[in-house]
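A.B. asks: show me how the following folds:
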Amino acid sequence: MHLAEQINRVIRRVTSTGERHTIVVEQEFPVAAGELWAACTEAGRLARWFEPVTGDLRPGGRYRLTGSGTEGTIERCEPPARLAITWEYGGDVSHVALTLTPAPAGAGTVLRLEHTAADSDYWRDYGPAAGGAGWDESLLALSLHLAGDPRSGPAEMAELATTDEGREFARHSVAAWQAAHVEAGADRATAQAAATRTLEFYSAG
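C.D. replies: The predicted structure is shown next:
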């Protein structure tokens with residue numbers, strides 16, 4: 001799979017209330033809900049495309065992603081359809097909700113992820129692409145994992161990001177989030193400035 005092809009497989013939306021912002025990604029995967037749920041919730045599977053996870057992985061339990069240090073509480077878990085967690089990093093607390101539904105046609109499953117955070121200077125500086133580009137990378141890794149592509153591993157994805165193809169993917173991702181930001185009502189100049197800062201951040205990393 002050419003990485004840029006993944007960009008058009010994802011639907012991106014942004015909603016803002018002034019006090020809170022939500023980024024939404026949706027993608028259809030050609031697998032049954034049970035398989036997609038396992039890939040997104042089982043520790044052994046997550047380590048192969050997302051991050052290693054430890055903790056009490058049940059409703060009310062605490063989890064920790066050992067790569068980034070992100071942690072949180074599992075607020076809701078209804079296999080194989082719904083998962084809700086807090087997302088705690090650097091003193092900030094946001095909320096992630098994952099929903100799996102049958103695809104409109106065929107035997108696939110639609111993954112929808114919503115990430116909601118309070119308004120902040122970080123959002124005003126970087127906009128939705130800061131978090132959105134990260135979720136784009138995750139959906140790319142998940143797609144590769146489900147296809148049996150060894151590039152899905154965390155180390156392999158980090159290396160991939162340094163290649164020309166990886167940098168092209170990041171540019172397309174940030175541009176797509178800039179468009180979603182404008183569609184949500186953001187001023188074009190503001191959205192472009194935020195996207196530029198985000199791309200510079202990812203390029204420096």
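A.B. asks: and the spatially most central residue of the chain, how far is that from residue 107?
C.D. replies: With distances taken as Cα atoms, centre = their mean, the chain has residue 135 as the residue nearest its mean C-alpha position (1.9 Å). In this view, residue 135 and residue 107 are 25 Å apart by Cβ to Cβ, to the nearest Å. The way it works is simple: take the backbone N, C-alpha and C, and place the C-beta from them, glycine included.
A.B. asks: ok, back up a step: for the residue nearest to the centre of the chain, what are its contacts?
C.D. replies: Applying Cβ atoms under 8 Å, 6 or more residues apart in numbering to residue 135 gives the contacts 23, 25, 113, 115.
A.B. asks: what is the burial count for the last one?
C.D. replies: To tie it back to what came earlier, the one meant is residue 115. The number of residues packed near residue 115 is 20, by other Cβ atoms under 10 Å.
A.B. asks: equivalent analysis for the first one, please.
C.D. replies: By the criterion of other Cβ under 10 Å, residue 23 has 26 neighbours.
A.B. asks: again, but for the second one
C.D. replies: Other residues near residue 25 come to 21 when the count uses other Cβ under 10 Å.
A.B. asks: now do the contacts for it.
C.D. replies: Counted by Cβ under 8 Å, 6+ apart, residue 25 has contacts 10-12, 111-113, 132, 135-136, 139.
A.B. asks: swap in 6 Å and give it another go.
C.D. replies: 10, 12, 113, 135 (Cβ atoms under 6 Å, 6 or more residues apart in numbering).
A.B. asks: ok, back up a step: any chance of the contacts of residue 135 in TSV with distance to residue 88 as columns?
C.D. replies: Formatted as TSV, those follow (distance: Cβ to Cβ, whole Å):
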residue	distance to residue 88
23	17
25	20
113	17
115	13
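A.B. asks: for residue 10, give me its contacts.
C.D. replies: 25, 27, 139.
A.B. asks: need those residues in CSV (columns: secondary structure and distance to residue 75).
C.D. replies: Listed next are these as CSV, based on DSSP: H, G, I helix; E, B strand; the rest coil; distance: Cβ to Cβ, whole Å:
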residue, secondary structure, distance to residue 75
25, strand, 20
27, strand, 23
139, helix, 22
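A.B. asks: in strands, which of the contacts of residue 135 fall?
C.D. replies: Under the assignment DSSP state E, these contribute 23, 25, 113, 115 to strands.
A.B. asks: so the first one makes contact with residue 115?
C.D. replies: Yes: using Cβ atoms under 6 Å as the test, residue 23 is close enough to residue 115 to be in contact (5.2 Å).
A.B. asks: in the chain, which spans are strands?
C.D. replies: So, for the chain - with DSSP E - the strands run 10-16, 20-29, 53-55, 62-65, 71-78, 82-89, 92-102, 109-118.
A.B. asks: off-centre distance for the worst-scoring helix or strand of the chain on mean pLDDT?
C.D. replies: Least confident helix or strand of the chain, by mean pLDDT, DSSP states H and E, is helix 3-7 with a mean of 90. Relative to its chain's centre, helix 3-7 lies at 15 Å (Cα atoms, centre = their mean, to the nearest Å).
A.B. asks: let's see it as PDB, backbone CA atoms only.
C.D. replies: The C-alpha trace of helix 3-7 is given here as PDB (Å, rounded to 0.1, in the frame of the first residue of the first chain):
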ATOM      1  CA  LEU A   3       1.000   5.500   2.300                       C
ATOM      2  CA  ALA A   4      -0.700   8.500   0.600                       C
ATOM      3  CA  GLU A   5      -3.700   6.200  -0.400                       C
ATOM      4  CA  GLN A   6      -4.600   6.000   3.300                       C
ATOM      5  CA  ILE A   7      -5.300   9.700   3.500                       C
END
